[in-house]
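**Student:** Turn this into a structure:
(chains A and B)
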Amino acid sequence: EAGVAQSPRYKIIEKRQSVAFWCNPISGHATLYWYQQILGQGPKLLIQFQNNGVVDDSQLPKDRFSAERLKGVDSTLKIQPAKLEDSAVYLCASSPIGGNSPLHFGNGTRLTVT
Amino acid sequence: AQSVAQPEDQVNVAEGNPLTVKCTYSVSGNPYLFWYVQYPNRGLQFLLKYITGDNLVKGSYGFEAEFNKSQTSFHLKKPSALVSDSALYFCAVRDGGQNFVFGPGTRLSVLP
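**Tutor:** Next up, the predicted model:
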């Protein structure tokens, strides 16, 4: 099966600019997650979707971050305006609903804000 | 709320020796526990999971993990380490829903 696809792999922007990341989950996986991984730390959940609905966005900085999954498949995560502390790897993951399935991760997008 | 601790930032082991990467957790209810590995510039790869049943769980690449309910631990083990096992390892806990919480990670270095 094809894995979770993410693009771009790398992005460098200046502070106050905007940026968007794209994720295509594994086919049939209803649940999609965006995680932020700062260097040297574990992944931190930003937002979780089930189909096209938001399950948990309690840790998403909503003043600057937004995410959508309009058709219940692909998802985009946007940052506007970016801050220096947003420099991190943004990981997308997917899993089937329910059961005990693990998360399947994409390779991430490394964002550098200068 | 659930949480995961990995008390060692770094573990060094000689090739061929057994390795252990430690993890303790806190969760209400029955724990669902996972181990992931991350190689440079890659996403996290699933190694193994504990849901219920045997306390010793076997996973990918010769790794196994021992669940200990009384000590709330889920340590990752391998009988004989390889240089290629050098990577970042994350323990994760999932509550009864679908929220995953990850530990801070442990960097494993296997020395030739």
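**Student:** Could you report the neighbour count for residue A:59?
**Tutor:** Applying other C-beta atoms under 10 Å in any protein chain shown, we find 13 residues neighbouring residue A:59. Every residue, glycine included, has its C-beta placed from N, CA and C.
**Student:** Relative to chain A, how far out is the residue nearest to residue B:2 when sequence neighbours are not counted?
**Tutor:** With sequence-adjacent residues excluded and distances taken as C-beta to C-beta, 6 or more residues apart in numbering or on different chains, residue B:2 is closest to residue B:27, at 4.0 Å. Relative to chain A, residue B:27 is positioned 14 Å away (C-beta to the nearest C-beta, to the nearest Å).
**Student:** How about residue B:52?
**Tutor:** To chain A, residue B:52 is 9 Å away according to C-beta to the nearest C-beta.
**Student:** Burial check on that residue, number of neighbours?
**Tutor:** 9.
**Student:** Could you do residue B:27 as well?
**Tutor:** The tally of other residues near residue B:27 (other C-beta under 10 Å) stands at 18.
**Student:** Starting from the helix or strand bottoming out on mean pLDDT in chain B, tell me the next helix or strand along the chain.
**Tutor:** Lowest on mean pLDDT, DSSP states H and E among the helices and strands of chain B sits strand B:100-102, with a mean of 92. Downstream of strand B:100-102, the next assigned helix or strand under DSSP states H and E is strand B:106-111.
**Student:** And the closest residue to residue B:5 other than its chain neighbours, how close does it get to residue B:108?
**Tutor:** Ranked by C-beta to C-beta, 6+ apart and with sequence neighbours excluded, the top spatial neighbour of residue B:5 is residue B:24, at 4.9 Å. Using C-beta to C-beta, to the nearest Å, we find residue B:24 at a distance of 17 Å from residue B:108.
**Student:** which residues does the closest residue in space to residue B:62 that isn't next to it in sequence bridge with?
**Tutor:** Excluding its sequence neighbours, the residue lying closest to residue B:62 (C-beta to C-beta, 6+ apart) is residue B:78, at 5.6 Å. Residues in a beta bridge with residue B:78, per DSSP bridges, are residue B:19.
**Student:** Using CSV, write out the CA atom coordinates for the host helix or strand of residue A:54.
**Tutor:** Per DSSP H and E, residue A:54 falls inside strand A:53-56. Taking Å, rounded to 0.1, in the frame of the first residue of the first chain, the C-alpha atoms of strand A:53-56 are listed here in CSV:
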residue,chain,number,x,y,z
GLY,A,53,-14.6,16.8,10.8
VAL,A,54,-12.3,18.1,13.5
VAL,A,55,-12.0,15.8,16.5
ASP,A,56,-9.3,17.7,18.5
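**Student:** Next to chain A, which bits of chain B? Give me the list.
**Tutor:** By the rule C-beta under 8 Å from any C-beta of the partner chain, the part of chain B lying against chain A is B:4, B:32, B:34, B:36, B:41-46, B:49, B:51, B:90, B:98-105.
**Student:** tell me which element residue 46 is part of?
**Tutor:** Using chain A here. Per DSSP H and E: residue A:46 is located in strand A:44-50.
**Student:** try again with chain B
**Tutor:** For residue B:46, the element it lies in under DSSP H and E is strand B:44-50.
**Student:** Kindly report the same for residue A:67.
**Tutor:** Short version, using DSSP H and E: residue A:67 is in strand A:65-68.
**Student:** what's that strand in contact with?
**Tutor:** Contacts to strand A:65-68, defined as C-beta atoms under 8 Å, 6 or more residues apart in numbering or on different chains, come from residues A:34, A:46-47, A:49, A:57, A:60, A:75-80.
**Student:** For ChimeraX, write a command that selects the buried ones of those.
**Tutor:** To isolate the buried members of the contacts of strand A:65-68 in ChimeraX, using 16 or more other C-beta atoms under 10 Å in any protein chain shown:
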select /A:34,46,47,49,57,60,75,77,79
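**Student:** All good on my end, thank you.
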